[in-house]
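Asker: Provide a 3D model corresponding to the input given below.
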Amino acid sequence: MRKKTLITGTLILTIASLITRLLGFGFRVYMSNIMGAEGMGLYQLLFPIYMLLWAASSAGISLAVSKMVAEQTSRNQHSNAVRILKTSLCIALGISVILSLALYTFSSFIATYYIHEPITTLSLKILAACIPFMSAACCIRGYFQGRQEMTVSALAQIVEQVARMLVIYLFAGFFIPKGLEYACALGVLGMCIGEVFSFILSFAAFRLKKRQLYFTKATLNYHTTFNTLLALSIPITANRFLTSGLQSFENILIPIQLQKFGLDSSSALALYGKFSGMALPLLFFPSMVTMSLSTVLVPAISEAVSRNNHLTLQKIISKAIQFSCLIGVGATALFLSLSKEIALACYGLEDVGELLKLLAIICPFLYLQNILTGTMNGLGMQKQTFKTNILGSLTCISIILTIVPLKGILGFVLALLIQSGFVTVMLLWHVLKNIDLPVDINNWVVKPIVAALAGALTTTYIHHTYLMPAFSLRPATLIAISLLGTFYIFMLFVLRCITLKDIKMLTGS
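Answerer: The predicted structure follows:
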């Protein structure tokens with residue numbers, strides 16, 4: 001692995017993710033204002049279908065491309081890398097066309113009997129059109145990720161988000177007055193146009209890259225490449241498809257079970273909209289760093305494994321786990337201490353803050369799960385990941401079916417906590433066992449918790465005593481978040497959880 005590659009790739013994807021999430025988050029606030037909580041709930045019911053289609057057409061093949069291209073690039077076999085991409089595009093496009101036709105044909109059936117909301121039929125038909133563009137773009141981005149060149153993925157994220165926002169903004173006046181059906185369809189239309197522009201950018205970048213490379217005769221034949229891609233991608237695809245399918249089922253169950261708790265259909269959908277469309281995006285916002293690092297880890301770990309560099313492998317994974325723990329514990333402190341203020345500043349809804357506070361304890365598990373999944377994929381342990389995720393989803397579904405009718409949305413929070421905790425612990429056990437990695441409890445858990453407590457208590461006192469009387473809600477909240485982050489990082493240095501040596505190692509200086 002080239003010096004600085006891991007941190008540079010992570011920073012590029014994180015900056016791009018920050019830009020897209022800031023743009024998307026601001027626009028989500030706009031969408032929640034024009035669609036309402038019920039409209040957001042309806043739109044969020046469609047998102048698991050989108051993820052299911054992504055899992056079936058793109059998830060496994062793009063990761064397989066990334067892994068194989070990383071191995072060929074490390075040997076300067078650029079012709080083989082391009083052949084891998086071309087073969088993957090044939091596979092992905094074949095699958096995606098079949099999925100598109102099936103979704104369009106059975107959209108009414110899926111809307112009525114699976115989503116239980118017939119008015120989503122139009123949205124599903126629109127969604128069917130974007131699947132080939134999504135799968136092709138994912139394969140091309142997998143090629144660049146395998147080369148550890150993250151700029152294309154970063155730019156594609158930004159272009160996709162900007163295109164989505166522009167479509168929704170430009171056509172809102174036409175769609176929104178027609179009711180929930182067309183409001184939901186507008187959100188899906190924006191998503192589809194974003195995928196199209198992401199593909200155009202990715203394809204153009206690939207054509208430019210081909211002109212810069214020196215090609216020798218390819219040593220991989222298409223038959224071998226095809227079989228290897230399938231062998232690598234099928235376990236990942238099965239894992240993502242089944243887990244996405246179960247997660248889709250989880251999300252569709254929630255409004256139904258909330259009605260059994262005593263809410264009417266409209267109230268259940270609105271509460272689900274606040275939970276999944278408002279509170280969860282806030283919770284996942286800090287995870288942009290761990291998700292970016294997870295993406296970069298796959299080719300980096302694959303290269304270390306191919307070179308049999310065990311020491312580098314341990315160092316990469318250990319620092320990635322520590323980094324994830326620091327972010328997860330810090331996010332928990334943030335959402336426990338400022339949840340109400342953040343929700344009011346973003347949505348003007350205090351009950352979203354209550355949901356956010358309930359979810360805060362899940363952050364360390366969710367963020368670490370991203371890192372561990374990327375690590376497992378890089379190590380070729382997709383089967384273990386698959387089994388663990390299936391068990392976690394089945395556990396979550398059983399709790400939703402039994403506890404949500406009794407405890408309402410609190411039951412779903414409990415289901416998420418148990419699921420994420422179980423999956424994270426099992427994945428961590430597999431990783432530690434596979435590479436003989438020692439557990440650093442002090443730097444992974446104890447010191448981050450102490451630093452987070454100190455930062456949260458100090459910030460809460462300053463916020464209530466000085467900031468709230470002096471500033472309006474949004475400036476006070478923004479300053480408080482900045483102070484908490486500053487105090488937390490300062491305490492991490494004081495406790496020597498992170499050092500200047502760590503920073504120099506990460507930056508390669």
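Asker: now the stretch 1-150 of the chain, which segments are flagged as low pLDDT?
Answerer: 1-14, 16-17 (pLDDT under 70).
Asker: how about the helices in it?
Answerer: All helices of the stretch 1-150 of the chain, identified by DSSP state H, counting those that start in this stretch, fall at 5-54, 60-73, 78-105, 107-113, 121-128, 131-146.
Asker: Flag every buried residue along the third one.
Answerer: Buried positions in helix 78-105, judged by neighbour count with 16 or more other C-beta atoms under 10 Å: 78-85, 87-89, 91-93, 95-96, 99-100, 103. For the C-beta atoms, the positions are set from N, CA and C on the backbone; glycine is no exception.
Asker: Report the angle between that helix and helix 121-128.
Answerer: If you take axes from the mean of the first three to the mean of the last three C-alpha atoms, to 10 degrees, helix 78-105 sits at 160 degrees to helix 121-128.
Asker: So what's the gap between helix 78-105 and the chain middle?
Answerer: Mean-position distance between helix 78-105 and its chain equals 22 Å (C-alpha atoms, centre = their mean, to the nearest Å).
Asker: Leaving out chain neighbours, which residue sits closest to Leu253?
Answerer: Ile400 (5.1 Å; C-beta to C-beta, 6 or more residues apart in numbering).
Asker: can you count the residues close to that neighbour?
Answerer: 24 (other C-beta atoms under 10 Å).
Asker: Could you do Glu341 as well?
Answerer: 21.
Asker: The one 10 residues further on too?
Answerer: Counted with other C-beta under 10 Å, the burial measure for Asp351 works out to 16 neighbours.
Asker: Next one: it from Ala279, what distance?
Answerer: 9 Å (C-beta to C-beta, to the nearest Å).
Asker: and if you look at His310?
Answerer: 42 Å.
Asker: These two - which one has more neighbours?
Answerer: Ala279 (28 against 12).
Asker: Check whether the more buried one really touches Leu356, as I assumed.
Answerer: Yes - here Ala279 reaches Leu356: they are 4.9 Å apart, a contact under C-beta atoms under 8 Å.
Asker: Need the residues touching each of the two.
Answerer: Residues touching both Ala279 and Leu356 (C-beta atoms under 8 Å, 6 or more residues apart in numbering): Ala343.
Asker: Surely Ile256 is in contact with His116?
Answerer: Yes - using C-beta under 8 Å, Ile256 makes contact with His116 at a distance of 6.8 Å.
Asker: what's around Phe249, how many residues?
Answerer: With other C-beta under 10 Å as criterion, Phe249 counts 16.
Asker: ok, back up a step: in the helix or strand hosting the residue nearest to Leu253, which residues have enough neighbours to count as buried?
Answerer: Using DSSP states H and E, Ile400 sits within helix 382-407. Residues 382, 384-386, 388-390, 392-393, 396-397, 399-401, 403-405 are the ones in helix 382-407 that count as buried (16+ other C-beta under 10 Å).
Asker: what helices or strands is that helix leaning on?
Answerer: Under the contact definition 3 or more C-beta pairs under 8 Å, 6 or more residues apart in numbering; DSSP states H and E, helix 382-407 sits against helix 222-261, helix 363-378, helix 409-435.
Asker: What is the burial count for Met426?
Answerer: When neighbours are counted by other C-beta under 10 Å, Met426 registers 18.
Asker: Leaving out the residues flanking it, which one is nearest to it?
Answerer: Nearest residue to Met426, sequence neighbours excluded (C-beta to C-beta, 6+ apart): Thr388, at 4.5 Å.
Asker: check contacts around that neighbour.
Answerer: For Thr388, the contacting residues are Val423, Met426, Leu427, His430, by C-beta under 8 Å, 6+ apart.
Asker: among those, who's most crowded?
Answerer: Going by other C-beta under 10 Å, Val423 tops these with 26 neighbours.
Asker: so that residue makes contact with Leu366?
Answerer: No - contact criterion C-beta under 8 Å: Val423 and Leu366 do not qualify, at 9.4 Å.
Asker: What's the separation between the residue nearest to Met426 and Val431?
Answerer: Taken as C-beta to C-beta, the span from Thr388 to Val431 is 11 Å.
Asker: swap in Ile110?
Answerer: Ile110 is 37 Å from Val431, where distance means C-beta to C-beta.
Asker: more crowded one of those two?
Answerer: Val431 (20 against 16).
Asker: Skip the chain neighbours and tell me the closest residue to the more buried one.
Answerer: Per C-beta to C-beta, 6+ apart, closest to Val431 is Thr375, 5.4 Å.
Asker: Give me the local confidence score for that neighbour.
Answerer: With respect to pLDDT, Thr375 scores 82.
Asker: ok, now the one 5 residues further on?
Answerer: Per-residue pLDDT puts Gly380 at 77.
Asker: Which of the three states applies to it?
Answerer: The assignment at Gly380 comes out as coil when based on DSSP: H, G, I helix; E, B strand; the rest coil.
Asker: State the number of residues packed around it.
Answerer: Neighbour tally, Gly380, other C-beta under 10 Å: 15.
Asker: same check, this time on Ala333
Answerer: 27.
Asker: in which helix or strand would I find it?
Answerer: Ala333 belongs to helix 310-346, assigned by DSSP H and E.
Asker: Tell me the buried residues in that helix?
Answerer: Of the residues in helix 310-346, those buried by neighbour count under the rule 16+ other C-beta under 10 Å are 312-313, 316-346.
Asker: same deal with stretch 65-80?
Answerer: Result for stretch 65-80 [16+ other C-beta under 10 Å]: buried residues 65-74, 77-80.
Asker: Rebuild the residues you listed as TSV, extending it with distance to Met31.
Answerer: Listed next are the buried residues of stretch 65-80 as TSV, based on distance: C-beta to C-beta, whole Å:
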residue	distance to Met31
Val65	33
Ser66	32
Lys67	36
Met68	39
Val69	37
Ala70	38
Glu71	42
Gln72	42
Thr73	40
Ser74	43
Gln77	46
His78	43
Ser79	46
Asn80	44
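Asker: what's the closest of these to Ala480?
Answerer: When the buried residues of stretch 65-80 are compared for distance to Ala480 (C-beta to C-beta), Ser66 wins out at 39.2 Å.
Asker: Verify the stated contact: the closest one with Gln145.
Answerer: Yes - taking C-beta under 8 Å as the definition, Ser66 is a contact partner of Gln145 at 4.5 Å.
Asker: quick one on the thing from earlier: for Leu311, see how far away the residue nearest to Val431 is.
Answerer: From Thr375 to Leu311 the distance is 16 Å (C-beta to C-beta).
Asker: Could you do Ser62 as well?
Answerer: 29 Å.
Asker: Tell me how far stretch 466-473 lies from the chain's centre.
Answerer: The answer for stretch 466-473 is 34 Å, by C-alpha atoms, centre = their mean.
Asker: Once you drop chain neighbours, what's closest to His463?
Answerer: His463 sits nearest to Ala480 (C-beta to C-beta, 6+ apart), 4.3 Å away.
Asker: Count the neighbours of that neighbour for me.
Answerer: 24.
Asker: now for the helix or strand in which it is found, which elements pack on it?
Answerer: Assessed by DSSP H and E, Ala480 sits inside helix 473-494. Judged by 3+ C-beta pairs under 8 Å, 6+ apart, helix 473-494 is in contact with helix 310-346, helix 447-462.
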